[in-house]
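In: Sequence first, predicted coordinates after that:
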Amino acid sequence: MSSVQYRVVFGKKDEVVEGPDDATLVITVGAVDASGNPTSLYMQGKLKAAGSSGDLFALLRSGEVSRVLARLASRP
């Protein structure tokens with residue numbers, strides 16, 4: 001599995017980032033959508049991914065994307 005960076009965007013220049021800057025897969029979603037089903041969000045174009053589609057689909061199947069995005073979106 002390649003390295004992954006997650007980005008949850010709250011507003012212009014306001015985002016929470018987890019993962020290395022040189023990640024081979026970058027997943028970005030708006031905070032208002034982060035609690036939704038990531039697979040559906042991807043199909044609707046609300047979740048963006050840059051990098052390997054195969055790695056993305058494996059992460060979506062594992063449920064990891066849901067857990068990480070929900071945690072990042074619930075920032076204090």
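Out: That came in fine, so what should we check first? None of these values were measured; they are calculated from a predicted model.
In: chain center to stretch 50-65, what's the gap?
Out: On the basis of Cα atoms, centre = their mean, to the nearest Å, stretch 50-65 sits 9 Å off its chain's mean C-alpha point.
In: Other residues contacting that stretch?
Out: Contact with stretch 50-65 is made by 1-2, 4, 6, 23-28, 38-39, 42, 49, as judged by Cβ atoms under 8 Å, 6 or more residues apart in numbering. C-beta here means a position set from N, CA and C on the backbone, and glycine is covered the same way.
In: where along the protein do the strands fall?
Out: In the chain, the strands defined using DSSP state E lie at 4-11, 14-18, 25-30, 47-51.
In: Which strands border the second one, and is each parallel or antiparallel?
Out: Partner strands for strand 14-18, per DSSP bridges, with pairing direction: strand 4-11 (antiparallel).
In: Kindly report the same for the third one.
Out: Here strand 25-30 is paired, per DSSP bridges, with strand 4-11 (parallel), strand 47-51 (antiparallel).
In: Nearest to Ala73 among the ones you listed would be which one?
Out: Among those, strand 4-11 comes nearest to Ala73, with 5.1 Å by Cβ to Cβ.
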